[in-house]
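S.K.: Okay, predicted coordinates and the sequence, questions at the end:
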Amino acid sequence: MAEEHERTAVYRGKAGEHLDAREVLKRVYQALQEKGYNPIFQIAGYLLSGDPVYITAHNEARSLARKLDREEVLEELLRFYLGCDRMPVPPDKTGA
């Protein structure tokens, strides 16, 4: 699991604050909840479509969400859901 945390993206928030993808998602979830939206539906819609209108601008949630690598988040969610979170990540098939 340590390998997963080492490759977790980190973002700068207000005043140089560092946020990992988990913290970004938590903040986006909270902002959506505060505005009365269904956070799971909204975040899933954003991750699948990339359309930022799924995320409220409340508390800078939209700005934070747009900094996420959606593909990376989806891959991580699938690994966790399928119980593959301890399996090594296969090499990139694109040759990069």
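M.R.: Arrived safely.

S.K.: List of residues touching the helix or strand where residue 42 lies?
M.R.: In the assignment (DSSP states H and E), residue 42 maps to helix 39-49. Helix 39-49 is contacted from outside by 25, 28-30, 32-33, 51-52, 54-56, 65, 70, 73-74, using Cβ atoms under 8 Å, 6 or more residues apart in numbering. (Each C-beta comes from the backbone N, C-alpha and C, glycine too.)

S.K.: Now stretch 42-58: buried residues?
M.R.: Of the residues in stretch 42-58, 42, 43, 46, 47, 54, 55, 56 count as buried by neighbour count, 16 or more other Cβ atoms under 10 Å.

S.K.: Check these against residue 79 and report the nearest one.
M.R.: Nearest to residue 79 among the buried residues of stretch 42-58, counting by Cβ to Cβ, is residue 47 at 14.5 Å.

S.K.: Can you list the low-confidence ranges for this structure?
M.R.: 1-18, 85-96 (pLDDT under 70).

S.K.: how about stretch 25-40: buried residues?
M.R.: Here stretch 25-40 shows 25, 27, 28, 29, 31, 32, 37, 39 as buried, counting by 16+ other Cβ under 10 Å.

S.K.: Determine the three-state secondary structure at the second one.
M.R.: With DSSP: H, G, I helix; E, B strand; the rest coil as the basis, residue 27 sits in helix.

S.K.: hang on, the earlier thing: mind giving me TSV with the buried residues of stretch 42-58 and columns for distance to residue 21?
M.R.: Output for the buried residues of stretch 42-58, formatted as TSV (distance: Cβ to Cβ, whole Å):
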residue	distance to residue 21
42	17
43	12
46	13
47	11
54	17
55	14
56	19
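
S.K.: ranges for the helices of the chain?
M.R.: Taking DSSP state H as the criterion, the chain carries its helices at 2-6, 21-34, 39-49, 61-66, 70-81.
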